[in-house]
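[1] Based on what follows, work out the 3D shape:
(2 chains, ligands or ions: 2)
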There are 2 protein chains.
Amino acid sequence: MMSMKRRLLLVSNSTLHGGGYLEHCQQQIKDFFGHGVKRVLFIPYALHNRDAYAKTARDKFKTLGYEVDSIHEASDPVKAVREAQGIFIGGGNTFRLLKSLYDNSLVSEIKKRVLQDGVPYMGSSAGTNVSTVSIHTTNDMPIVYPPSFAALGLVPFNINPHYLDPDPHSRHMGETREQRITQFHEEPDTPPVLGLREGSLLLVEGNRATLLGTCKARLFTRGNPTTEYETGSDLSFLLTDRQ
Amino acid sequence: MMSMKRRLLLVSNSTLHGGGYLEHCQQQIKDFFGHGVKRVLFIPYALHNRDAYAKTARDKFKTLGYEVDSIHEASDPVKAVREAQGIFIGGGNTFRLLKSLYDNSLVSEIKKRVLQDGVPYMGSSAGTNVSTVSIHTTNDMPIVYPPSFAALGLVPFNINPHYLDPDPHSRHMGETREQRITQFHEEPDTPPVLGLREGSLLLVEGNRATLLGTCKARLFTRGNPTTEYETGSDLSFLLTDRQ
Ligand SMILES: [Ca+2]
Ligand SMILES: [Ca+2]
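    Residues are numbered from 1 along each chain as shown, chains lettered A, B, ... in the order given. Ligands and ions are numbered 1, 2, ... in the order given. Here you go, the predicted model:
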């Protein structure tokens, strides 16, 4: 997957504890969309109340100097993607989001715009999940049944947003996040999974990937030990197609 | 769904913090299978290592006076279900479990045995999820893609096992369990969801359902306030088909 034009900002979480919506990554958003983009196409499909969600995104992006068009207000969603200068897919429920992308015939269209035309793509939480190979490593509840778990495939690996370390004091017996990802890697031919803790972001510029934000990220690769990467790490090796 | 023969023991979790495998509910298991059942058919599909899982179940059930046949050792899984005196589906990953049930053509066969022939069915965690209408309210990671989220439908509602109350001290921004179930009920025509905390069990005898175990259960119904039920509560109203 060599794509010199690809530009992605993949955020673990839209709100950090104690902060406002997208507050913890607002400087990175401005650096990412820059001055070339005036209007950002927002995709609110991951939440039920699309009007309220579009208002939240619109208000925040206005303070950063961008106008927001919400795709749920467009008469032709595919055309809206074709004309977008920049795309932002917000968080919520990943299953609902991916199903809506398929229902509106947007999966291949967004992929084409980002990989071929170089339209900058920002995702947060569920919007980060759908940018990867598949939604097999979402944390969300499967409230609807999408026609496939295959996602946009803008990168050749998976991400687990809101990555959470085990709580040594917990008495709860549900699987830890690490156990869940290990179960994924018990299945054949499964790609690496980057565990992005809250406060982390991944910036992809062409074939260069850099970890940004306030904490380390944890990488799970099938058949190999897990690895921790400090913020600022070059993770470009993840963009090379697996052999 | 009037079924006078139906007998179900639906356990939230197989291991309670600090206890051994199925230790917290062993008396209920003996009461449930009783003296009529000599051999229990175990379905280990939710975990990757089926041999190890079958040994764990076999060792425990032996101490309770039952022999275990594991379906993964049967040459004909459908035939094994047809001849079973009792069925136990263990926990693990719900997606993997349901996909394996479909792959082995067991969904309609188990349903028929339990609802028509009165074969006692015990489920734990993922094995409880698949006994309900659908797996839409599992907590598990969607590591594989089943052909449907529709499950055995032995009861006309959904269960959320390992139900977890919000932690007021948490700084994590992922959805709480209550928020996730609320998202499910934002979708149309979704059934009630019984949140079974760890240590809870639901016993179904024909058209009578009783909450057992050590803690309260939380019931979510679309469009209605949530309700708490004490252990010992009669929940038979959940077995009536919705209008
Ligand atoms: Ca989410
Ligand atoms: Ca599980």
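[2] Okay, residue A:102 and residue A:83: tell me how far apart.
    Distance, residue A:102 to residue A:83, by C-beta to C-beta, to the nearest Å: 21 Å. The way it works is simple: take the backbone N, C-alpha and C, and place the C-beta from them, glycine included.
[3] How about the residue of chain A most remote from its centre: what's its closest non-neighbour residue?
    Centroid-distance maximum for chain A: residue A:171 at 30.9 Å, with C-alpha atoms, centre = their mean. Nearest residue to residue A:171, sequence neighbours excluded (C-beta to C-beta, 6 or more residues apart in numbering or on different chains): residue B:17, at 3.9 Å.
[4] what number of residues lie near the one you found?
    Counted by other C-beta atoms under 10 Å in any protein chain shown, the residues lying close to residue B:17 total 12.
[5] Next up, the contacts around it.
    A:171, A:172, A:173, B:198 (C-beta atoms under 8 Å, 6 or more residues apart in numbering or on different chains).
[6] Skipping adjacent residues, who's closest to the residue nearest in space to the middle of chain A in space?
    Nearest to the mean C-alpha position of chain A, by C-alpha atoms, centre = their mean, lies residue A:128 at 0.8 Å. Once flanking residues are discounted, residue A:128 sits nearest to residue A:10: 4.4 Å by C-beta to C-beta, 6+ apart.
[7] what's around that neighbour, how many residues?
    For residue A:10, the number of neighbouring residues by other C-beta under 10 Å comes to 27.
[8] ok, the helix or strand that contains it: who's next to it in the sheet?
    Element membership for residue A:10 (DSSP states H and E) is strand A:7-11. Paired strands of strand A:7-11, with direction, are strand A:121-124 (parallel), strand A:200-205 (antiparallel) (DSSP bridges).
[9] Determine which stretch of those is the most buried.
    With neighbours defined as mean count of other C-beta atoms under 10 Å in any protein chain shown, the strands paired with strand A:7-11 peak in mean count at strand A:121-124, which reaches a mean of 27.
[10] which strands and helices sit next to the helix or strand containing residue A:108?
    Per DSSP H and E: residue A:108 is located in helix A:107-115. In terms of contacts (3 or more C-beta pairs under 8 Å, 6 or more residues apart in numbering or on different chains; DSSP states H and E), helix A:107-115 is packed against helix A:77-82, strand A:87-89.
[11] Which SSE is immediately downstream of the longest helix seen in chain A?
    As assigned by DSSP state H, the longest helix anywhere in chain A is helix A:50-64. As assigned by DSSP H and E, the chain's next helix or strand after helix A:50-64 is strand A:67-70.
[12] What confidence value was assigned to residue A:57?
    At residue A:57, the pLDDT value in this model is 97.
[13] what does residue A:177 give?
    pLDDT, residue A:177: 95.
[14] distance of it from residue B:117?
    41 Å.
[15] Give me the more crowded residue out of the two.
    residue A:177 (20 against 10).
[16] Per-residue confidence at residue A:3, what does it come out as?
    69.
[17] wait, I meant residue A:155
    On pLDDT, residue A:155 comes in at 97.
[18] Please identify the helix or strand for the closest residue to it other than its chain neighbours.
    Nearest non-adjacent residue to residue A:155, counting by C-beta to C-beta, 6+ apart: residue A:132, 5.7 Å away. Counting by DSSP H and E, no helix or strand carries residue A:132.
[19] check contacts around residue A:132.
    Residues near residue A:132 by C-beta under 8 Å, 6+ apart: A:151, A:152, A:153, A:154, A:155, A:157, A:158, A:159.
[20] Narrow these to those in helices?
    Applying DSSP H to those, no entry is found in helices.
[21] which one of the residues you listed is nearest chain B?
    Nearest to chain B, judged by C-beta to the nearest C-beta, of those is residue A:158 at 10.6 Å.
[22] wait, doesn't that closest one sit right on residue A:195?
    No. The pair residue A:158 / residue A:195 is not scored as a contact, 9.9 Å apart, by C-beta atoms under 8 Å.
[23] picking up where we left off before, please work out the average pLDDT along the host helix or strand of the residue nearest to the centre of chain A.
    Assigned by DSSP H and E, residue A:128 falls within helix A:126-129. Taken as a whole, helix A:126-129 has a mean pLDDT of 98.
[24] Tell me which other helices or strands that helix touches.
    Using 3+ C-beta pairs under 8 Å, 6+ apart as the test, helix A:126-129 ends up in contact with strand A:7-11, strand A:87-89, helix A:94-103, strand A:158-163.
[25] Can you add mean pLDDT and give those back as CSV?
    Output for those, formatted as CSV (pLDDT from 0 to 100):
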stretch, mean pLDDT
strand A:7-11, 98
strand A:87-89, 98
helix A:94-103, 98
strand A:158-163, 97
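[26] Tell me which of those lies nearest to residue B:107.
    helix A:94-103 (21.1 Å; C-beta to C-beta).
[27] before we move on, back to that, in PyMOL, select just the buried ones from the contacts of residue B:17.
    Only the buried entries of the contacts of residue B:17 go into this PyMOL selection, using 16 or more other C-beta atoms under 10 Å in any protein chain shown:
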select buried, (chain A and resi 173) or (chain B and resi 198)
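[28] what about stretch A:62-77, average pLDDT?
    98.
[29] can you pull the buried residues of that stretch?
    Buried residues in stretch A:62-77, counted by 16+ other C-beta under 10 Å: A:66, A:68, A:69, A:70, A:71, A:72, A:77.
[30] What parts of chain A come near chain B?
    A:13, A:15-18, A:48, A:92-93, A:95-96, A:135-145, A:148-149, A:162, A:164, A:171-175, A:180-181, A:183-184, A:186-187, A:190, A:198 (C-beta under 8 Å from any C-beta of the partner chain).
[31] Quick one, which of the residues you listed are buried?
    The neighbour count (16+ other C-beta under 10 Å) marks A:13, A:15-16, A:48, A:92-93, A:95-96, A:135-145, A:149, A:162, A:164, A:173-175, A:180-181, A:183-184, A:190, A:198 as buried among the residues of chain A next to chain B.
[32] So for the residue lying closest to residue A:145 once chain neighbours are set aside, what pLDDT did the model give?
    What sits nearest to residue A:145 in space, not counting adjacent residues and going by C-beta to C-beta, 6+ apart, is residue B:149, at 4.8 Å. Reported pLDDT at residue B:149 in the predicted model: 98.
[33] wait, doesn't residue B:149 sit right on residue A:146?
    No. Under the criterion of C-beta under 8 Å, residue B:149 makes no contact with residue A:146, lying 10.1 Å away.
[34] now the contacts of residue A:132 in CSV, with neighbour count?
    Formatted as CSV, these follow (neighbours: other C-beta atoms under 10 Å in any protein chain shown):
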residue, neighbour count
A:151, 24
A:152, 25
A:153, 17
A:154, 22
A:155, 24
A:157, 22
A:158, 23
A:159, 27
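[35] Mind putting those residues into JSON lines with distance to residue A:33?
    Compiled in JSON lines, the contacts of residue A:132 are given as follows (distance: C-beta to C-beta, whole Å):
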{"residue": "A:151", "distance to residue A:33": "22"}
{"residue": "A:152", "distance to residue A:33": "19"}
{"residue": "A:153", "distance to residue A:33": "22"}
{"residue": "A:154", "distance to residue A:33": "16"}
{"residue": "A:155", "distance to residue A:33": "19"}
{"residue": "A:157", "distance to residue A:33": "24"}
{"residue": "A:158", "distance to residue A:33": "25"}
{"residue": "A:159", "distance to residue A:33": "21"}
